[in-house]
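K.L.:
Output the structure for:
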Amino acid sequence: SAIERVKRMMRIAAKTDANVLIHGETGVGKDLISSVIHKQSHRHADPYVKVGCTLLPPSLIESELYGHEKSSFTGADQHRSGRFEMAEGGTIYLDDVDDISLEQQAKLLRVIEEKVFERVGGTKLIKANVRIVASTKLNLLDKVADGTFRQDLYYRLDVLRLRVPPLRQRLEDIPDLTRHLLARMAGDKPAAIDDDAIITLCRHQWPGNVRELHHALERAWLVGGGRITAELLKNDL
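P.N.:
Reported below is the predicted structural model:
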């Protein structure tokens with residue numbers, strides 16, 4: 001029932017151009033949800049561009065998002081398009097949006113409000129016909145309260161909100177998830193899992209969520225030569 005609520009919100013999000021904020025712990029599937037919303041939207045034929053905000057140093061994030069002109073800073077030996085230009089007409093996914101600095105939050109707010117941006121070192125206004133999906137593993141209202149996230153940006157991003165429950169709150173999904181993940185990783189190779197192994201999986205709390213489940217199954221499948229037993233999982237978990 002928890003995932004059915006998420007899927008219902010995904011269907012609503014896919015029918016609109018409203019910005020979406022996906023909230024959930026690491027490993028719950030925020031990336032997958034974002035890509036599915038894009039694929040089911042009217043923008044599906046246009047680009048889908050993911051930006052891992054955690055991976056970008058503060059000094060480079062502006063150039064990564066909006067591009068730069070040649071000679072605009074040391075090392076800028078040629079013109080470079082940013083992620084917003086790459087995503088024109090489609091969807092840009094800002095993963096871990098809470099990691100963007102306050103200065104860059106102000107510039108992102110302008111892009112959302114005015115639908116235009118400038119490359120670093122440039123003066124030409126470039127239109128941004130882009131749908132924004134953002135994700136966070138934190139409570140952004142807490143960051144608003146402590147002054148590290150702009151309140152106006154929060155409400156611009158939080159138009160449609162999807163809260164993705166952790167796996168420990170939907171343990172009843174584990175048998176189906178296990179069969180799906182096992183079939184996907186095995187392909188045309190042999191793969192089997194004992195009934196008591198599934199019971200073992202259902203008793204674990206999964207702090208790493210679906211990602212942890214996937215890795216645990218893959219390890220047990222490889223070590224077990226295609227058959228996953230409860231003993232293999234207990235040793236691993």
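K.L.:
which SSE is the residue lying closest to Glu218 once chain neighbours are set aside in?
P.N.:
The shortest distance from Glu218 to any non-neighbouring residue, by Cβ to Cβ, 6 or more residues apart in numbering, is to Met185 (5.5 Å). Yep, even glycine has a C-beta here, placed from its N, CA and C like the rest. Met185 is part of helix 174-186 when elements are defined by DSSP states H and E.
K.L.:
can you pull the contacts of the residue nearest to Glu218?
P.N.:
Met185 is in contact with Ala191, His214, Leu217, Glu218, Trp221, counting by Cβ atoms under 8 Å, 6 or more residues apart in numbering.
K.L.:
The second one reaches Thr178, doesn't it?
P.N.:
No: counting by Cβ atoms under 8 Å, His214 does not reach Thr178; the two are 9.6 Å apart.
K.L.:
so which strand or helix has the residue sitting nearest the centre point of the chain?
P.N.:
Centroid-nearest residue in the chain: Asp31, 3.1 Å away (criterion: Cα atoms, centre = their mean). When elements are defined using DSSP H and E, Asp31 is found to belong to helix 30-39.
K.L.:
Quick one: residues in contact with the following helix or strand past that helix.
P.N.:
Later in the chain than helix 30-39, the nearest helix or strand by DSSP H and E is strand 48-52. Contacts made with strand 48-52 from outside it, assessed by Cβ under 8 Å, 6+ apart, are listed as 31, 34-35, 38-39, 64-65, 83, 86-87, 90-96.
K.L.:
picking up where we left off before, per-residue pLDDT, the residue nearest to Glu218?
P.N.:
We note a pLDDT of 93 for Met185 in this prediction.
K.L.:
And it, how close does it get to Leu201?
P.N.:
Between Met185 and Leu201 the distance is 15 Å, computed by Cβ to Cβ, to the nearest Å.
K.L.:
before we move on, what about His42?
P.N.:
Taking Cβ to Cβ as the measure, His42 falls 39 Å from Leu201.
K.L.:
what mean pLDDT would you report for the longest helix along the chain?
P.N.:
Once the chain is assigned using DSSP state H, the helix that runs over the most residues is helix 209-223. For helix 209-223, mean pLDDT rounds to 96.
K.L.:
and the angle from that helix to helix 174-186?
P.N.:
With axes from the mean of the first three to the mean of the last three Cα atoms, to 10 degrees as the basis, helix 209-223 and helix 174-186 are set at 50 degrees to each other.
K.L.:
Now do helix 209-223: everything it contacts.
P.N.:
Helix 209-223 is contacted from outside by 25-29, 166-167, 174, 177-178, 181-182, 185-186, 191, 193, 197, 201, 206, 208, 228-229, 232-233, 236-237, using Cβ under 8 Å, 6+ apart.
K.L.:
Good, wrapping up.
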